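Trainee: The following comprises the amino acid sequence and a computationally predicted model.
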Amino acid sequence: MREIVTICLAWLACLMQASEADSLRFANPFEHPIAFSGNFGELRANHFHGGLDFKTQGVSGKAVHALADGYVSRIRVTHGSGYVLHVTYDNGYETINRHLSAFTDDMARRVKDLQYERESWEVDITPRPEEYPVKRGQLIAYSGNTGYSFGPHLHLDVIELATGEYVDPLPFFASQVKDRTAPRATGFMLFPQAGRGVVNGRADPQRFPAGRTQEITAWGEIGAGVRAYDYMDGVHNKYGVRTVVLRVDGHEVFRSEVDRFAYRENRYINSWTYEGYMKSFIDPGNRLRMLHVSDGKRGIVTIDEERPYRFEYTLSDALGNTSRASFTVQGRRTEIPQVEHRERYTLRWNRVNYLQEPGLTLILPRGTLYEDAYLNYALQGDTSDIAYTYRFNERPIPLHRACTLRIGLRRRPVADSAKYYVASVSPKGRKRSVGGRMDGNSMWVKVSELGTYTVCVDTIPPVLTPIRPSGWGRTGRIVIKARDRETGIAAYRGTLDGKYALFGKPNAIKGDLVCVLDPERVKKGGSHELVMSVTDACGNVTTETYQFVW
């Protein structure tokens with residue numbers, strides 16, 4: 001009897017495991033075979049790529065199907081992600097479908113009605129669970145190229161409902177993906193720790209191509225990094241690497257596992273990466289949970305013997321394809337130069353930092369820096385400048401969260417305080433607005449890196465350029481290009497025959513303002529007047545009137 005019970009329990013456990021495995025398998029969202037243009041965790045500017053980019057055979061309008069049973073939990077239209085559909089599934093996960101071209105009929109009508117009601121292209125709807133239930137394989141939307149998108153594709157995020165964290169979607173589709181191509185390393189970087197190490201007699205980071213045969217020497221404390229990409233069968237795209245393991249002389253010193261992250265962790269990417277290289281050590285202020293070290297040294301390697309040290313990387317993708325790459329560092333006793341710095345311009349990662357200079361106040365809360373910062377501070381300007389130009393560092397230092405910067409004005413050529421803005425200045429002198437507000441005779445702004453800043457004034461209104469207006473009536477599609485060379489377009493509004501016209505920015509890369517004429521709202525068969533108005537971030541307005549026949 002006991003044996004029968006044991007067998008039944010084992011059988012029941014197998015059934016439960018099989019059922020759980022089935023619930024964590026998603027259907028193909030498309031009718032064509034799965035192929036990806038981007039994968040989870042790829043390195044992006046200030047963030048990780050949060051999902052999978054599905055190829056759509058180079059076109060928009062592909063039918064997108066539900067991956068499992070669940071319900072539509074949110075419907076959005078945004079400039080950044082275009083048409084967006086959230087679906088909550090019964091298996092404990094939510095997906096976010098981005099860059100769509102259209103929703104299905106009921107949802108599309110609801111979105112359009114709300115856009116006209118609020119006179120805004122950007123809208124956000126949270127339906128009740130019973131409003132839009134979905135079944136596995138059901139049509140829910142159409143793929144597109146909307147928002148910040150460089151080509152037709154479907155971006156799919158998977159959120160674990162229990163934690164709210166982004167997780168790698170690939171395992172949900174593993175049985176449908178054929179891939180036997182392993183990641184490959186293309187180069188390495190060594191990071192001498194400031195005042196504690198050197199590489200090839202130098203104290204700055206050193207790059208080495210993979211497969212090099214020339215000797216590398218080092219002494220003291222150094223960190224390593226690798227530039228590597230994953231690849232997949234039958235396509236030419238490059239992807240992020242799921243797992244990176246560094247061993248030195250056979251001992252594991254570092255491991256990264258890009259399988260999940262919380263939204264708040266995104267900016268830690270600025271600490272983990274350096275010019276496209278993934279560090280194999282952890283800065284003291286980096287709390288990114290996907291990084292792991294095996295001792296209390298943060299992955300830093302101490303070269304203190306005159307002998308060869310073997311560095312070996314193991315690179316793996318989410319499907320288990322693995323490769324190895326190695327190099328040797330020869331320990332060679334070398335004098336380590338001390339860090340030359342001015343204590344006044346040294347910012348510590350584990351405390352509040354406060355810097356005050358003529359016309360300048362900078363406040364960095366604790367937890368803003370990833371490591372100590374030795375500023376290469378300089379002040380530039382002459383009597384004709386609105387404000388001094390303040391350089392904190394030649395190479396901008398990323399911050400984990402924005403800090404407060406105040407810059408005083410030296411003169412005010414324009415009375416309207418709304419016309420002033422703070423600009424970051426690139427090494428080549430190019431200025432880019434970072435916003436700001438006037439308080440008294442100073443500009444206050446939140447900045448996300450310590451680079452170079454000054455204050456500028458913008459009194460020049462945007463420029464509107466109609467695109468092929470002679471064809472508006474024939475195509476039923478109005479396209480206008482709006483450009484502002486200083487602070488950017490902050491708002492836009494169009495009216496047709498005195499009534500609100502639904503203009504949007506379907507593709508943020510192109511930036512064109514587009515209105516598709518709707519015969520239910522615009523009478524067809526006559527002449528029409530379009531009034532288009534755009535405003536930049538400093539309140540400068542341009543309004544143009546156009547006549548056309550439709």
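Mentor: That came through, no problem. Residues are numbered from 1 along each chain as shown.
Trainee: helices or strands next to the longest strand along the chain in the packing?
Mentor: What stands out as the longest strand in the chain, according to DSSP state E, is strand 184-199. Strand 184-199 is packed against strand 206-209, strand 217-229, strand 277-279, strand 308-316, strand 322-331, with contacts defined by 3 or more C-beta pairs under 8 Å, 6 or more residues apart in numbering; DSSP states H and E. To be clear about C-beta, it is placed using only N, CA and C from the backbone, and glycine gets the same treatment.
Trainee: So for residue 29, which of the ones you listed sits nearest?
Mentor: The closest of the helices and strands packed on strand 184-199 to residue 29 is strand 217-229. By C-beta to C-beta, the value is 24.9 Å.
Trainee: Walk me through which strands the next helix or strand along the chain from that closest one pairs with, and which way each runs.
Mentor: Later in the chain than strand 217-229, the nearest helix or strand by DSSP states H and E is strand 243-248. Paired strands of strand 243-248, with direction, are strand 251-257 (antiparallel), strand 308-316 (antiparallel) (DSSP bridges).
Trainee: Report the mean confidence score over strand 243-248.
Mentor: Mean pLDDT, computed over strand 243-248, is 98.
Trainee: What angle do strand 322-331 and that strand make with each other?
Mentor: 30 degrees (axes from the mean of the first three to the mean of the last three C-alpha atoms, to 10 degrees).
Trainee: Domain-wise, how is this protein divided?
Mentor: The chain breaks down by automatic domain parsing into domains covering 26-176, 184-331, 343-457, 474-549.
Trainee: Quick one: end-to-end length of the third one, please.
Mentor: Taking C-alpha to C-alpha, to the nearest Å, the first and last residues of domain 343-457 lie 34 Å apart.
Trainee: re earlier: compare the helices and strands packed on strand 184-199 and give me the one nearest residue 49.
Mentor: Ranking the helices and strands packed on strand 184-199 by proximity to residue 49 (C-beta to C-beta) places strand 217-229 first, at 13.0 Å.
Trainee: Output the closest one as PDB, nothing but the C-alphas.
Mentor: In PDB, the C-alpha atoms belonging to strand 217-229 read as follows (Å, rounded to 0.1, in the frame of the first residue of the first chain):
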ATOM      1  CA  THR A 217      52.000  43.600 -17.700                       C
ATOM      2  CA  ALA A 218      50.400  44.800 -14.500                       C
ATOM      3  CA  TRP A 219      51.100  45.500 -10.800                       C
ATOM      4  CA  GLY A 220      48.800  46.100  -7.900                       C
ATOM      5  CA  GLU A 221      45.000  46.100  -8.000                       C
ATOM      6  CA  ILE A 222      43.200  45.900 -11.300                       C
ATOM      7  CA  GLY A 223      39.800  45.200 -12.600                       C
ATOM      8  CA  ALA A 224      39.000  43.400 -15.900                       C
ATOM      9  CA  GLY A 225      36.300  43.900 -18.500                       C
ATOM     10  CA  VAL A 226      35.100  42.300 -21.700                       C
ATOM     11  CA  ARG A 227      33.400  43.400 -24.800                       C
ATOM     12  CA  ALA A 228      31.300  40.500 -26.100                       C
ATOM     13  CA  TYR A 229      28.200  39.800 -28.200                       C
END
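Trainee: Between strand 322-331 and it, find me the angle.
Mentor: Relative orientation of strand 217-229 versus strand 322-331 (the same axes, to 10 degrees): 160 degrees.
Trainee: Strand 217-229 vs strand 184-199, what angle?
Mentor: Between strand 217-229 and strand 184-199, the angle comes out at 160 degrees (the same axes, to 10 degrees).
Trainee: what helices or strands is strand 217-229 leaning on?
Mentor: Applying 3+ C-beta pairs under 8 Å, 6+ apart, we find strand 217-229 packed against strand 184-199, strand 243-248, strand 277-279, strand 301-303, strand 308-316, strand 322-331.
Trainee: in the protein, which spans are helices?
Mentor: 2-23, 105-118, 269-272, 472-475 (DSSP state H).
Trainee: Pick out the shakiest of these, pLDDT-wise.
Mentor: helix 2-23 (a mean of 41).
Trainee: nearest to residue 513, of the helices and strands packed on strand 217-229?
Mentor: It is, among these and with distance given as C-beta to C-beta, strand 277-279, at 39.5 Å.
Trainee: what residues does that closest one touch?
Mentor: Contacts to strand 277-279, defined as C-beta atoms under 8 Å, 6 or more residues apart in numbering, come from residues 43, 187-189, 191, 207, 223-228, 241, 244, 256, 271-273, 299.
Trainee: Kindly report the same for stretch 195-211.
Mentor: Contacts for stretch 195-211 (C-beta under 8 Å, 6+ apart): 184-192, 194, 216-222, 274, 277, 303, 325, 327, 329, 334-339.
Trainee: Please indicate which of those are buried?
Mentor: In the contacts of stretch 195-211, burial by neighbour count holds for 185, 187-192, 194, 216-222, 277, 303, 325, 327, 329, 334, 336, counting by 16 or more other C-beta atoms under 10 Å.
Trainee: just to revisit the earlier point, just the buried ones from the contacts of strand 277-279, in PyMOL syntax?
Mentor: Buried subset of those, written as a PyMOL selection, criterion 16+ other C-beta under 10 Å:
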select buried, resi 43+187+188+189+191+223+224+225+226+227+228+241+244+256+271+272+273+299
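Trainee: Check residue 381 and give its pLDDT.
Mentor: You'll see residue 381 listed with a pLDDT of 87.
Trainee: Find the nearest non-adjacent residue to it, please.
Mentor: With sequence-adjacent residues excluded and distances taken as C-beta to C-beta, 6 or more residues apart in numbering, residue 381 is closest to residue 388, at 4.1 Å.
Trainee: So the one you found sits against residue 454, correct?
Mentor: Yes: using C-beta atoms under 8 Å, residue 388 is in contact with residue 454, at 7.0 Å.
Trainee: between the two, what contacts are shared?
Mentor: Residues touching both residue 388 and residue 454 (C-beta under 8 Å, 6+ apart) are 381, 407.
Trainee: To residue 172, which of the helices and strands packed on strand 184-199 lies closest?
Mentor: Closest among the helices and strands packed on strand 184-199, using C-beta to C-beta: strand 308-316, at 18.4 Å.
Trainee: returning to that earlier point: show me the contacts for the residue nearest to residue 381.
Mentor: 358-360, 379-381, 407, 410, 454.
Trainee: Narrow these to those in strands?
Mentor: Reading strands off the contacts of residue 388 with DSSP E, I get 360, 379-380, 407, 454.
Trainee: From those, pick the one nearest residue 425.
Mentor: Of all the ones in strands among the contacts of residue 388, residue 425 sits closest to residue 454, with 6.0 Å by C-beta to C-beta.
Trainee: May I have the phi/psi pair for the residue nearest to residue 381?
Mentor: Main-chain dihedrals, residue 388, degrees, to the nearest 10: phi -60, psi 160.
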